[in-house]
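1. Next one to model:
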Amino acid sequence: MARRDRAVVALVTEQFWPQGDFVASSNGMPDVPRLRLPHPVAGSGHDAMGALAERIAGRLVAILRGEQQADNVVEAG
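-> Alright, predicted model coming up:
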């Protein structure tokens with residue numbers, strides 16, 4: 001989707017953050033926006049995943065709209 005100029009945000013858990021950097025770079029998209037999630041998400045149960053979705057939904061939409069920076073953006077300065 002990112003290669004088709006669609007707004008995207010990759011959801012990556014804390015444990016796999018370094019691998020997310022590697023995958024993004026090796027696919028020629030080191031700057032693809034990523035949102036860092038707690039680990040684990042899978043297997044945490046319906047209620048826990050629903051609560052996480054509620055916590056991140058607003059930020060996810062703001063990143064997609066360009067109103068906030070993703071977690072992998074490093075500020076210069």
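2. What is the burial count for residue 40?
-> The tally of other residues near residue 40 (other C-beta atoms under 10 Å) stands at 12. No exception for glycine: its C-beta is placed from N, CA and C like everyone else's.
3. pretty sure it contacts residue 13?
-> Yes - the pair residue 40 / residue 13 is scored as a contact, 6.6 Å apart, by C-beta atoms under 8 Å.
4. Distance from the longest helix belonging to the chain to the middle of the chain?
-> The residue-count maximum for a helix in the chain (DSSP state H) belongs to helix 46-65. Mean C-alpha position of helix 46-65 versus that of the full chain (C-alpha atoms, centre = their mean, to the nearest Å) differs by 11 Å.
5. Three-state assignment for the residue most central in space within the chain, please.
-> The centre of the chain sits closest to residue 35, judged by C-alpha atoms, centre = their mean, with a distance of 2.4 Å. Secondary structure, DSSP: H, G, I helix; E, B strand; the rest coil: residue 35 is strand.
6. Is it in contact with residue 13, as I believe?
-> No - applying C-beta under 8 Å, one finds residue 35 not in contact with residue 13, separated by 10.1 Å.
7. which residues of the chain score low on pLDDT?
-> 75-77 (pLDDT under 70).
8. Let's see that with 90 instead.
-> 42-43, 73-77 (pLDDT under 90).
9. backbone phi and psi for residue 3, please?
-> phi -70, psi -20 (degrees, to the nearest 10).
10. which non-adjacent residue is nearest it?
-> Nearest non-adjacent residue to residue 3, counting by C-beta to C-beta, 6 or more residues apart in numbering: residue 29, 7.7 Å away.
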